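K.L.:
fold the following.
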Amino acid sequence: MAKGNSTQFERFKAQMAVLVPLVRRLREEFGEAKADALVGEVLDAEARTQGERLAAAGRVNRESIWRGAEVFAAGGAMEFETVSESESEFGFDVRRCSYAEHMEKIGATDLGPLLACGADAPTAEGMGIAFERRQTLITGGSCCDFRYRVDSN
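P.N.:
The predicted structure is shown next:
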């Protein structure tokens, strides 16, 4: 399937088929802490750059955050509910997440925070918006609580 026709979740599964064994091997070679720090540094930098590109294109607002959530939820990959919405704030709780379910299915729940959830904060940072999440499904939370705040100035 061409990239333009695949869902974000389908692309995620393909990425995990490569990244999970790679990170496992890096952990064997360098130890968990060092490998995770290295992988996290690279993934955070890329996510931050993506956020900066969105900001440079003038696509940082409540609507763009909503559209981004819809992209990740496409095809039923996530079920979420909006819990707060104003001109400058937007929050939603993910109640079901195929990304977390897939990581569990492939025996990589331990890598979920690093490979599946870790990009959210640096992407928001690159966009110049505040982001907070106190819990995730993959770490045993009752939901993934996404909270964004956009400076209205």
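K.L.:
the residue nearest to Asp93 when sequence neighbours are not counted: what's it in contact with?
P.N.:
Ranked by CB to CB, 6 or more residues apart in numbering and with sequence neighbours excluded, the top spatial neighbour of Asp93 is Cys143, at 4.2 Å. All C-beta atoms are positioned from the backbone trio N, CA, C, and that covers glycine. By CB atoms under 8 Å, 6 or more residues apart in numbering, the contact set of Cys143 is 93-95, 135, 137.
K.L.:
pLDDT at Cys143, what is it?
P.N.:
Note for Cys143: predicted pLDDT of 98.
K.L.:
Met103 versus that one, what's the distance?
P.N.:
16 Å (CB to CB, to the nearest Å).
K.L.:
show me which residues of the helix or strand of the chain with the lowest mean pLDDT are buried.
P.N.:
Among the helices and strands of the chain, helix 62-73 carries the lowest confidence by mean pLDDT, DSSP states H and E, at a mean of 88. If you call a residue buried by 16 or more other CB atoms under 10 Å, then helix 62-73 has these buried ones: 62, 64-65, 68-69, 72-73.
K.L.:
please apply the same query to stretch 90-97.
P.N.:
90-94, 97.
K.L.:
just stretch 133-151 next, same as before
P.N.:
For stretch 133-151, by 16+ other CB under 10 Å, it's 133, 136-138, 143-150.
K.L.:
repeat for stretch 31-49
P.N.:
So for stretch 31-49, counting by 16+ other CB under 10 Å, buried means 35-36, 39-40, 43-44, 47-48.
K.L.:
do a quick rundown of the strands in the protein.
P.N.:
Applying DSSP state E to the chain gives strands spanning 78-85, 89-97, 130-132, 144-149.
K.L.:
which elements pack onto the first one?
P.N.:
Okay, so that is strand 78-85. The helices and strands touching strand 78-85, judged by 3 or more CB pairs under 8 Å, 6 or more residues apart in numbering; DSSP states H and E, are helix 62-73, strand 89-97, strand 144-149.
K.L.:
now that strand: average pLDDT?
P.N.:
pLDDT averaged over strand 78-85 gives 93.
K.L.:
what's in contact with that strand?
P.N.:
62, 69, 72-73, 90-99, 145-147.
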